[in-house]
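[1] need coordinates for the below:
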Amino acid sequence: MADPLLIVRDIVPWLAAYFIISLSLNMEFGYLGIPNFGKVLTVAGGAFVMGSIPGLILSYVLDIYSKGLNYYDNNFSVVSGFFDPFLAANPLFSIGLLLLTLIIAMAIGAILGLLGSYPALRLREDYLGMTLLAMGEILVSIGKYSKYPVNSSVGVTVPDFFAWISNYTLKQWIIIGILVISALIIYFVINRFVNSPLGRAMRAIRDNEVLAQSYGKDIVVYRRNVSMFAGAIAALAGALLAMYFSTVVADSYRRLDYTFYPWVIIVVGGLANNIGTFIGASVFVVTLRLTDIYKFYLEPYLPFDVTFFTPLAFGIVLTLILIFRPSGLLPEKPTYTLSIDEINSIMSKLKNKSDSRKS
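    Next up, the predicted model:
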């Protein structure tokens, strides 16, 4: 049987990454109504930054070109022979380079979110969804068939930012911890944001654009800003996942994994409910990873090829949830400008005034 600790180490980073990606999609579609069918665009953008920017910076810092080497042509030998030893000897530089890379990844994600949505910001939701879908496929195709930014389908090795830590297990837990802490911070930021007056304006635009416009809400500005913010968040998840796997291969950024799955998560968890998004991500990731790990133990008892067990089990779980909880496991809850206690207090005062007038 598989080691439970190894299972946790396998599930937690996936859960944290998908939670971040799904939170960004939930903010776009669940709260504002933007049907982003190209979420892979910003996730892949963040990963491509992680696979290119640190290597290019280190290439110039160490001047590997003077040694007759090229970061892309000799990727693994350059990373293992030059980059990792240098990072191991300079921990502060390593941490600074990691932070710089994550900041650049978020900036690129925001730009991609703007570029992907800008042509259709003034159009209806279906045209906006198709535009974002096309933009996602364009970026992944560039990554697959161009040497830049991540060496086409060959891929690149991400430098080890924690090479100064000799214990491999500790290093893995630190990276997982970064993913988890990032997910928690993003959850609290988004939760605070969507429960603010801006969040209520987003719901108003989602529910009735004409009414929202009549109250002076600029739909284009809201869509643009939310697309950029959500793009930055998704790019951060892509960059952190690339760091966790230590490789970036353009072929692995498929529409199924980074567009369809996040949609499944927010639908299962409940639209416009961030706790529901976490529950949806948990159900999805645990079901997917555990069936992948344990399916071969069931091979003697299955009447079909065991490779089909994972999609079959996942499909059954998803179908049951949609049958018995069509609004998601945690449907959207109404939000109030005032707390329930404040509303009850005002209602009580009004009732007392009414009763005193009658008497």
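
[2] rest of the way, CA atoms for contacts and neighbours
    Noted.

[3] and for the nearest residue to Val226 once chain neighbours are set aside, the neighbour number?
    Closest residue in space to Val226, ignoring its immediate chain neighbours: Glu28 at 6.5 Å, by Cα to Cα, 6 or more residues apart in numbering. By other Cα atoms under 10 Å, 24 other residues sit near Glu28.

[4] ok, now Leu312?
    Count around Leu312 with other Cα under 10 Å applied: 12.

[5] one more: the one 4 residues further on?
    Residue crowding around Ile316 was assessed by other Cα under 10 Å; the count is 12.

[6] and stretch 273-285, how far from the chain's centre?
    13 Å (Cα atoms, centre = their mean, to the nearest Å).

[7] which stretches of the stretch 51-200 of the chain form helices?
    In the stretch 51-200 of the chain, the segments counted as helices under DSSP state H, counting those that start in this stretch are 75-78, 84-89, 91-117, 125-145, 168-194, 197-207.

[8] ok, which of these comes nearest Val264?
    Nearest of the helices of the stretch 51-200 of the chain to Val264, taken as Cα to Cα: helix 125-145 at 16.1 Å.

[9] report all helices and strands that the closest one contacts.
    Contacts defined by 3 or more Cα pairs under 8 Å, 6 or more residues apart in numbering; DSSP states H and E place helix 125-145 against helix 40-62, helix 91-117.

[10] in that helix, which residues are buried?
    125, 128-133, 135-137, 139-141, 143-144 (16 or more other Cα atoms under 10 Å).

[11] lowest pLDDT pick from these?
    pLDDT across these is lowest for Glu125, at 64.

[12] distance from the host helix or strand of Gly231 to the middle of the chain?
    Using DSSP states H and E, Gly231 sits in helix 219-245. Chain-centre distance of helix 219-245: 7 Å, with Cα atoms, centre = their mean.

[13] please apply the same query to stretch 94-109.
    Counting by Cα atoms, centre = their mean, stretch 94-109 comes out at 16 Å from the chain centroid.

[14] tell me which residues in it are buried?
    Neighbour counts over stretch 94-109 (16+ other Cα under 10 Å) mark 94, 97-98, 101-109 as buried.

[15] what mean pLDDT does it have?
    For stretch 94-109, the per-residue pLDDT averages 97.

[16] which residues are contacting that stretch?
    42-43, 45-47, 49-50, 53-54, 87-88, 161-162, 228, 231-236, 239-240 (Cα atoms under 8 Å, 6 or more residues apart in numbering).

[17] before we move on, the earlier item: what about the helices and strands packed on helix 125-145, which gets the closest to Ile346?
    Nearest to Ile346, of the helices and strands packed on helix 125-145 and by Cα to Cα, is helix 91-117 at 42.9 Å.

[18] for Phe309, which non-adjacent residue is spatially closest?
    Spatial nearest neighbour of Phe309, chain neighbours left out: Lys295 (6.7 Å); criterion: Cα to Cα, 6+ apart.

[19] ok, the one you found - contacts?
    Per Cα under 8 Å, 6+ apart, neighbours of Lys295: 306, 309-310.

[20] same list, these, but as a markdown table with secondary structure, pLDDT and neighbour count please.
    As requested, the contacts of Lys295 are exported to a markdown table (DSSP: H, G, I helix; E, B strand; the rest coil; pLDDT from 0 to 100; neighbours: other Cα atoms under 10 Å):
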| residue | secondary structure | pLDDT | neighbour count |
| --- | --- | --- | --- |
| Val306 | helix | 80 | 16 |
| Phe309 | helix | 79 | 18 |
| Thr310 | helix | 76 | 19 |
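
[21] same question for stretch 28-35, mean pLDDT?
    91.

[22] that stretch: which residues count as buried?
    Applying 16+ other Cα under 10 Å to stretch 28-35 flags 28-35 as buried.

[23] can you list phi and psi of Val248 for me?
    Dihedral pair for Val248: phi -130, psi 120, per degrees, to the nearest 10.

[24] which strand residues bridge it?
    Beta bridges link Val248 to Val156, judged by DSSP bridges.

[25] burial measure for it, as a count.
    29.

[26] which ones are touching it?
    Contacts for Val248 (Cα under 8 Å, 6+ apart) come out as 47-48, 51, 150, 155-158, 242.

[27] Ala212 is nearest to which of the helices and strands packed on helix 125-145?
    Between Ala212 and the helices and strands packed on helix 125-145, the shortest gap by Cα to Cα is with helix 91-117, which sits at 20.2 Å.

[28] tell me which helix or strand in this protein has the weakest average pLDDT.
    Sorting the helices and strands of the chain by mean pLDDT, DSSP states H and E puts helix 340-358 at the bottom, at a mean of 77.
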